[in-house]
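Q: what's the 3D shape of this:
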Amino acid sequence: MRHGWLLLLVVYTAYINATELTFELPDNEKQCYYEDLEQGVKFDIDFQVIAGGNYDVDCFVTDPLNSILYDERKKQYDSFSHTTAMKGEYKVCFSNEFSTFSHKTVYLDFRTGDERPLLPDTSRSTSLTQMESSCMSIHEILRAVSDSQTWYRLQEALDRTRAEDLNVRVFYWSVGEALILFVVSIGQVLMLRSFFNDKKTNVATST
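A: Have a look, this model is predicted:
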């Protein structure tokens with residue numbers, strides 16, 4: 001039973017104060033994410049465009065006074081870290097207003113605060129028991145697994161979108177080739193018939 005509680009503690013501390021979103025961003029629109037933070041809190045932002053257009057988006061971050069902390073244009077992916085200087089509502093916005101036709105799919109990972117220590121009552125000079133060492137190892141492994149799963153999920157979504165786009169292009173290209181071959185075939189048949197009609201006309205005129 002004790003093992004179960006320790007494992008639950010590891011899972012809980014690995015994901016605390018983190019928000020992951022995947023959302024649609026239509027063309028000519030802007031969407032924002034709001035977060036109330038205390039003063040002196042560190043937050044980290046990772047985002048990536050996984051589908052749509054040229055896989056780029058405008059992103060900016062503002063503080064409670066609407067001062068711009070981060071402003072980048074037409075980025076496919078990026079990261080940003082900041083420690084708050086005041087308490088209030090911080091805003092993360094993604095804009096696709098420069099795009100007229102293509103909508104985007106955006107992934108956002110918003111993390112706030114420092115990760116809580118797994119064993120807060122221990123210090124560096126304190127020797128760990130075998131159980132505590134096992135918990136620390138499991139904690140690090142789970143964090144690495146979580147990061148790897150997020151990366152693979154993003155890559156899978158990006159590759160799937162590109163494969164679907166390629167499939168659509170191949171389909172339309174095949175339809176275009178079939179139409180061209182059909183038109184060329186009809187043209188050749190009509191041309192051959194015109195040759196025979198000309199010969200029949202010449203024979204009838206001679207007789």
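
Q: Could you look up the SS state of the residue nearest to residue 27 when sequence neighbours are not counted?
A: Counting by Cβ to Cβ, 6 or more residues apart in numbering, residue 27 lies nearest to residue 99, which is 4.6 Å off, once chain neighbours are set aside. Heads up, the C-betas are built off the backbone N, CA and C, glycines and all. Three-state assignment for residue 99 (DSSP: H, G, I helix; E, B strand; the rest coil): coil.

Q: Got the phi and psi for residue 99?
A: phi -100, psi 130 (degrees, to the nearest 10).

Q: helices or strands up against the longest helix seen in the chain?
A: Longest among the helix segments of the chain by residue count, using DSSP state H, is helix 130-206. Applying 3 or more Cβ pairs under 8 Å, 6 or more residues apart in numbering; DSSP states H and E, we find helix 130-206 packed against helix 2-15, strand 42-51, strand 104-112.

Q: switch the cut-off to 10 Å
A: Contacts defined by 3 or more Cβ pairs under 10 Å, 6 or more residues apart in numbering; DSSP states H and E place helix 130-206 against helix 2-15, strand 18-25, strand 42-51, strand 104-112.

Q: Rank the helices and strands of this structure by mean pLDDT and give me the bottom one.
A: When the helices and strands of the chain are scored by mean pLDDT, DSSP states H and E, helix 2-15 comes last with a mean of 36.

Q: what's residue 74 in contact with, if anything?
A: If you count contacts by Cβ atoms under 10 Å, 6 or more residues apart in numbering, residue 74 has them with 49, 53-59, 98-99.

Q: mind redoing it with 6 Å?
A: Contacts of residue 74 were listed using Cβ atoms under 6 Å, 6 or more residues apart in numbering, and they are residue 56.

Q: domain ranges for this protein?
A: Following automatic domain parsing, the chain resolves into domains at 1-16+133-207, 17-114.

Q: picking up where we left off before, pretty sure the residue nearest to residue 27 sits against residue 25.
A: No. In this structure residue 99 lies outside contact range of residue 25 using Cβ atoms under 6 Å: 8.9 Å.

Q: May I have the predicted confidence score for the most centrally placed residue in the chain?
A: Centroid check for the chain by Cα atoms, centre = their mean gives residue 50 as the closest residue, at 2.9 Å. Note for residue 50: predicted pLDDT of 85.

Q: measure it to residue 172 for me?
A: In this view, residue 50 and residue 172 are 23 Å apart by Cβ to Cβ, to the nearest Å.

Q: Number of residues surrounding residue 20?
A: Neighbours of residue 20 under the rule other Cβ atoms under 10 Å: 13.

Q: now it, which residues is it bridged with?
A: residue 109 (DSSP bridges).

Q: if I look at the residue nearest to residue 27, how far off is residue 38?
A: 36 Å.

Q: Ok, residue 171 next?
A: From residue 171 to residue 38 the distance is 53 Å (Cβ to Cβ).

Q: cool, and residue 182?
A: Distance from residue 182 to residue 38, by Cβ to Cβ: 69 Å.

Q: next one: residue 49
A: Counting by Cβ to Cβ - residue 49 and residue 38 are separated by 31 Å.

Q: Tell me which of the two has more neighbours.
A: residue 49 (24 against 11).

Q: Let me see the contact set for that one.
A: By Cβ under 6 Å, 6+ apart, the neighbours of residue 49 are 55, 57, 76, 104, 106.
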